[in-house]
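1. sequence and predicted structure are below.
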Amino acid sequence: MFRSPVLLVIAHGSRDPRHAATVHALTRRARAQRPGLRVETAFLDFNAPSVPQVLTRLHLAGVREVVALPLLLTRAFHAKTDVPAVLAEAAGRLPGLSVRIADVLGPSPLLVRALERRLAEAGLTPADRATTGVVLASAGSSDPEAIAVIAEIAREWRRTGWCAVRPAFASASPPRTEDAVRALRAEGARRVAVAPYVIAPGRLPDRIAAGAAAAGADLVSPVLGPAPELARLLLHRYDAATLTPALTPALSA
């Protein structure tokens, strides 16, 4: 038997092979930061293995405690509906399996640090902050709660010294990345940087980059990817979830 719950990282999945490669790189980094912790990866769609496949394999290996961590930045549809549903189905058919659901990753100061890291890698220096407007470009959602969270992150990030920070969305909600870039130019920002608030490459991050290029942004930072801050955040969410009472065979959210 395993002494501590297994960490099951649940990613959305994508037809873009860069997505799964990035997710696996992130989970490898989390595993390296916590030697001895068993970290597994599963996908909701497009990629293998699926969540039911991994949970069944773990159950057959004798695992009875799992912390499922949605690899999501906001509590939108996938976090509220898809992930709980697939976990509830598995917990109901695998006797004695206890599954806790960890919180989604955002918001967190560690995510802001990862954004800062990526902007620095793209060429920005501390001296650039006061004259640079930043577009915080997320994938987008039709969930008002998720949209409000992104807007609040932008407001708080602006207070750290950037000329301005504006939220933007690749889908579902305005403004688009290109509109936010143009708005910052109109407001007098000397330099405009686009910071993708997404974990892995794919169709929507490509749309963010295309919008930034169309509007003449000065730079676009890389996606968050396997940033060390993200790996630490996975472990923080795991640790917090393990402190909640375990319910067997029910699902603890």
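-> Good, I have the coordinates.
2. now do stretch 126-144: distance to the chain's middle.
-> Relative to its parent chain, stretch 126-144 has a centroid offset of 15 Å by C-alpha atoms, centre = their mean, to the nearest Å.
3. same question for stretch 125-137.
-> Per C-alpha atoms, centre = their mean, the centroid offset for stretch 125-137 relative to its chain is 22 Å.
4. hmm, Val6 is touching Val63, no?
-> Yes. Under the criterion of C-beta atoms under 8 Å, Val6 makes contact with Val63 at 5.4 Å. To be clear about C-beta, it is placed using only N, CA and C from the backbone, and glycine gets the same treatment.
5. and Phe169, what does it touch?
-> Ala137, Ser138, Ala139, Gly140, Ser141, Ile147, Ile150, Pro175, Arg176, Thr177 (C-beta atoms under 8 Å, 6 or more residues apart in numbering).
6. got the contact list for Ala11?
-> His19, Ala20, Val23, Thr41, Ala42, Phe43, Leu44, Asn47, Leu71, Ile199, Ala200.
7. now do the strands in the protein.
-> 6-11, 39-43, 65-70, 98-101, 132-138, 164-169, 191-197, 219-220, 251-252 (DSSP state E).
8. kindly reformat these as a markdown table containing distance to Gln53 and mean pLDDT.
-> Below are the strands of the chain laid out as a markdown table (distance: least, C-beta to C-beta, whole Å; pLDDT from 0 to 100):
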| stretch | distance to Gln53 | mean pLDDT |
| --- | --- | --- |
| strand 6-11 | 11 | 98 |
| strand 39-43 | 7 | 98 |
| strand 65-70 | 13 | 97 |
| strand 98-101 | 15 | 94 |
| strand 132-138 | 29 | 98 |
| strand 164-169 | 32 | 98 |
| strand 191-197 | 30 | 98 |
| strand 219-220 | 36 | 98 |
| strand 251-252 | 18 | 50 |
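9. make CSV out of those strands and add distance to Pro52.
-> What follows is the strands of the chain, written out as CSV (distance: least, C-beta to C-beta, whole Å):
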stretch, distance to Pro52
strand 6-11, 11
strand 39-43, 8
strand 65-70, 12
strand 98-101, 12
strand 132-138, 29
strand 164-169, 31
strand 191-197, 30
strand 219-220, 37
strand 251-252, 14
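10. nearest to Pro107, of the contacts of Phe169?
-> Ile150 (8.8 Å; C-beta to C-beta).
11. count of residues packed around the closest one?
-> Using other C-beta atoms under 10 Å, the number of residues around Ile150 comes to 24.
12. quick check: it vs Val198, distance?
-> 11 Å (C-beta to C-beta, to the nearest Å).
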